[in-house]
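Q: need coordinates for the following:
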Amino acid sequence: MTTSNPAAAGFVLAATLALCGCVATPVQQLTQQWPAELPTHAQLNNTPFIAQDDYECGPAALAMLLQAAGVSVQPEQLRPQVFIPGRQGSLQIEMMVAARRHGLPAYRLQPTLETLMREVAAGHPVLVFQNLSLPIYPVWHYAVVIGYDRDDSTLTLHSGSTPGLTMSLSAFERTWARGDHWAFVALPTSTLPSTADADTLGTAIVALERLNPAAALPAYRTALQRWPDALVLQMGLGNSAYAAGDPTLAATAYRAATQSHPQAADAWNNLAQVLMEQGALGAARHAIEQAIAIGGPRLALYQQLARSLDAEGTP
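A: Residues are numbered from 1 along each chain as shown. Next comes the predicted model:
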């Protein structure tokens, strides 16, 4: 549709611009509505710095993150695990997998500045993925966030060949947004991410368990201290303990799961399995009967275990 009234067209344009001006950027939203419990300044000066070679910012950034978590590792050790020569860089999934190989439950953060800052305020450096150029000609880059300052509206990063690089929050947000706001922390199994929730952290520990089973057990224990009734963590601890050859701990974890979540059929089934192997056939039969009564998509497996129990005879 066209208009013969230039003044009217100008009014529409002006109104559109005014509406656009009312939309706050993520930086404006955070600085204008700063969470009361979030410190206005944080700086992790003890985070190691490693200068990054051309195209190999991934191994260097990951080495800084792992060293901060107490892992003795150098970029050249990580390079075969994360660097892809044909792409002249590292893929995000490979970065997280490498952290897990070294015993740390890599945890991807929610894609917000506030989440990132909460982790830094808690003393946790954050590995971020940026595009330092334009979307049509990307320059992908990994860096480690080690600080921020609300008053100056800046972020501090170990980036490239510059330790403690200061970047405006607005510039960082733009470059980070081009990388889909991707960021993660990798902490010792005795330390929880400040912004974690039980289910997402449980998923992260399950991923750790696939690559480093020994590290998963203490990670589950730590997480259960914060979320003692989380089913994903109770089951994870039970499964991890069972795989590690500790049926007593496995039974304790599964029993806790059945008490907190009496409708969790898998918890009853796993408890029955461990009790049967321990020779507690009566208790095992009671547990598997509960699983069968609840039913679900794995009912056939529960019934199979019940038949195995019947074959064991009278307790």
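Q: where exactly do the helices run in the chain?
A: 6-21, 26-32, 57-68, 75-82, 92-101, 113-121, 169-177, 198-211, 213-226, 231-243, 247-260, 265-277, 281-294, 299-312 (DSSP state H).
Q: could I get the ones you listed as a markdown table with mean pLDDT, mean neighbour count and distance to residue 153?
A: (Each C-beta comes from the backbone N, C-alpha and C, glycine too.) Output for the helices of the chain, formatted as a markdown table (pLDDT from 0 to 100; neighbours: other CB atoms under 10 Å; distance: least, CB to CB, whole Å):
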| stretch | mean pLDDT | mean neighbour count | distance to residue 153 |
| --- | --- | --- | --- |
| helix 6-21 | 39 | 9 | 19 |
| helix 26-32 | 89 | 15 | 6 |
| helix 57-68 | 95 | 26 | 24 |
| helix 75-82 | 89 | 18 | 31 |
| helix 92-101 | 93 | 20 | 27 |
| helix 113-121 | 98 | 21 | 11 |
| helix 169-177 | 96 | 19 | 5 |
| helix 198-211 | 96 | 19 | 29 |
| helix 213-226 | 96 | 19 | 32 |
| helix 231-243 | 97 | 23 | 38 |
| helix 247-260 | 98 | 20 | 45 |
| helix 265-277 | 98 | 24 | 49 |
| helix 281-294 | 98 | 19 | 54 |
| helix 299-312 | 96 | 14 | 56 |
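Q: nearest to residue 161, of the ones you listed?
A: helix 57-68 (9.7 Å; CB to CB).
Q: among the helices of the chain, which is nearest residue 156?
A: Comparing the helices of the chain under CB to CB, the one sitting nearest is helix 113-121, at 8.9 Å.
Q: for that closest one, give me every contacting residue.
A: 26-27, 30, 35, 38-39, 42, 44, 109, 126, 128, 145-148, 169, 173, 183, 185, 193-195 (CB atoms under 8 Å, 6 or more residues apart in numbering).
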